[in-house]
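[1] got a predicted structure plus its sequence, pasted below:
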Amino acid sequence: MTAVLSERLQEVRGQFPALSRMGPQDLPVVYADAPGGTQVPNGVVDAIRNYLVENNSNIEGEFAATRETDALIRRARELAGVFVGGHSNEIAFGQNMTTLNFNLSRALGRTLRPGDEIVVTQLDHDANVAPWLLLAADLDLVIRTVRVTAELDVDLDHLHALIGPRTRVVAATLASNAVGTTPRARLISDLAHEQGALAWFDAVAFAPHLRIDVKNLGCDVLLCSPYKFFGPHLGLAWIRRELAETLPAERVRPAAEYPPGHRFETGTLSHEGIAGFCAAVEYIASLGSGAALSNQLDDAYERIAGHEGDLSRGFLDGIAKVQGVTLLGRPGTEGRVCTFGLRLHDADPAAVARALDARGIFAWNGSFYAQGVMEALGLSVDKGILRLGYVHYATLVEIERSIAALDDILRGGC
């Protein structure tokens, strides 16, 4: 599979207009910023524009444009259901993952009692921690935090010790947005369910790299963000239907009660964003082959994983030779995605990010809202780390440029 995607890479890159951007010395920009948001292909741009030009309308009216918008949203739910391995009637869209998670956690909160326990992890983005902290403060709940291991993975022994009969939710990430670790999600789900708790997963940093399958994950709620997998700024939630039917949603009175749909979608959606989401799923599917969309996505993600495995090996081999930096998290390609957190020994991450920018390499610095990871590392959330991350449209040449530039900067190069 690796060779197939590699052979098509120039064709794939040609679909992303941003990749033609030139930086200093007339060299193309290297987008090592993918964990913060990916670039979008032409099909996504066209879908957003075409919706606004040709179909722009609110929903549920008696004229053509509104019927077209209704049809678009139905189609988006169908695509989203296949994308996560669930069903269209288990999908809700929103402004972003964080907003959806606040909304859904508040709905669940109406079913909880003082003393009930929520388990979160140090590995997570704060979007799957802060909603629970605030809910606990309002409802007198107990928050228990699972520590991370030396390799910045969820400490499963600690998780097992923390879960008990009062546990109502185990909230965890499928991939660390800061250092790329991919915990053993199915085991986390099983441990939660043994105590009658919900498994509540953040798939934002996972979705660009690996295939989501809520059935195999065994989860109850899963959230992600299309702008992290080649789409527009939007939020997507999958809520197991039996759960969605029982949650008292925050909703205006005229909104439809059928789950999840309107029940968890407050106000008018970004219809143009939903059009772009559809195009993003179709783009990913176009990288694979098969008779049905699910088969195409399965194949596409196998090819993505193969190519990104090559990118990861290239990065890991290169960074091991650079002085003044420590790779955080997994030392090899197993149990991680193509996201690399770097602890700098003597350099300031913000200054290094600026120096990389001067060389046409876009990379992030900071804590990336992964406050627990920074606390585990003993680092200030204001200073944080340097993060480079890549998706399938990256090349090994770009990896080599990134490593060489970082090596030069840390050696004192200008």
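    Yes, it's here.

[2] going by C-alpha atoms from here, please, whenever you check contacts or count neighbours.
    Noted.

[3] quick one: residue 103 from residue 163, how far?
    The gap separating residue 103 from residue 163 is 24 Å, by Cα to Cα, to the nearest Å.

[4] what's the mean pLDDT across the strand or helix carrying residue 50?
    In this structure, residue 50 sits in helix 42-50 according to DSSP states H and E. For helix 42-50, the mean per-residue pLDDT is 98.

[5] what sits up against it?
    Applying Cα atoms under 8 Å, 6 or more residues apart in numbering, the contact partners of helix 42-50 are 15-17, 230-232, 272-273, 275-277, 279-280, 283.

[6] for it, buried residues please.
    Using 16 or more other Cα atoms under 10 Å as the test for burial, helix 42-50 gives 42-45, 47-49.

[7] which SSE is immediately downstream of the longest helix seen in the chain?
    If you go by DSSP state H, the chain has its longest helix at helix 293-319. Beyond helix 293-319 in the direction of the C-terminus, DSSP H and E gives the next helix or strand as strand 325-328.

[8] can you give me the helices in the stretch 51-200 of the chain?
    Ranges of helices within the stretch 51-200 of the chain are 64-84, 97-109, 130-139, 156-162, 185-194, based on DSSP state H, counting those that start in this stretch.

[9] so which residue is dead centre in this protein?
    residue 204 (1.4 Å; Cα atoms, centre = their mean).

[10] isn't that residue right next to residue 222, touching?
    No: assessed by Cα atoms under 8 Å, residue 204 is found out of contact with residue 222, at 9.3 Å.

[11] wait, residue 114 touches residue 139, no?
    Yes: here residue 114 reaches residue 139: they are 5.9 Å apart, a contact under Cα under 8 Å.

[12] which of these two has more neighbours?
    residue 139 (15 against 11; other Cα atoms under 10 Å).

[13] mind checking how far the more buried one is from residue 130?
    Distance, residue 139 to residue 130, using Cα to Cα: 14 Å.

[14] any weak-confidence spans in this protein?
    The chain contains residues with pLDDT under 70 at 1-3, 258-261, 413-414.

[15] per the annotation, how does it divide into domains?
    2-31+293-410, 45-283 (automatic domain parsing).

[16] which of these sits most buried?
    Counting by mean count of other Cα atoms under 10 Å, domain 45-283 has the highest mean neighbour count of the domains of the chain, with a mean of 20.

[17] distance between the ends of that domain?
    Using Cα to Cα, the two ends of domain 45-283 sit 12 Å apart.

[18] which one is residue 367 nearest to, not counting chain neighbours?
    Closest residue in space to residue 367, ignoring its immediate chain neighbours: residue 384 at 4.7 Å, by Cα to Cα, 6 or more residues apart in numbering.

[19] residues contacting the one you found?
    Listed by Cα under 8 Å, 6+ apart, the contact partners of residue 384 are 349, 365-367, 374.

[20] from these, which land in helices?
    Counting by DSSP H, the contacts of residue 384 place 349, 374 in helices.

[21] against residue 368, how distant is the closest residue to residue 339 other than its chain neighbours?
    When the adjacent residues along the chain are set aside, residue 339 lies closest to residue 389, with 4.1 Å between them (Cα to Cα, 6+ apart). Distance of residue 389 to residue 368, given as Cα to Cα: 13 Å.

[22] quick revisit: now render the buried residues of helix 42-50 as JSON lines, adding distance to residue 73.
    Rendered in JSON lines, the data for the buried residues of helix 42-50 read as follows (distance: Cα to Cα, whole Å):
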{"residue": "42", "distance to residue 73": "21"}
{"residue": "43", "distance to residue 73": "18"}
{"residue": "44", "distance to residue 73": "16"}
{"residue": "45", "distance to residue 73": "18"}
{"residue": "47", "distance to residue 73": "13"}
{"residue": "48", "distance to residue 73": "13"}
{"residue": "49", "distance to residue 73": "16"}
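
[23] just name the closest of those residues to residue 266, please.
    Nearest to residue 266 among the buried residues of helix 42-50 is residue 48, at 21.3 Å by Cα to Cα.
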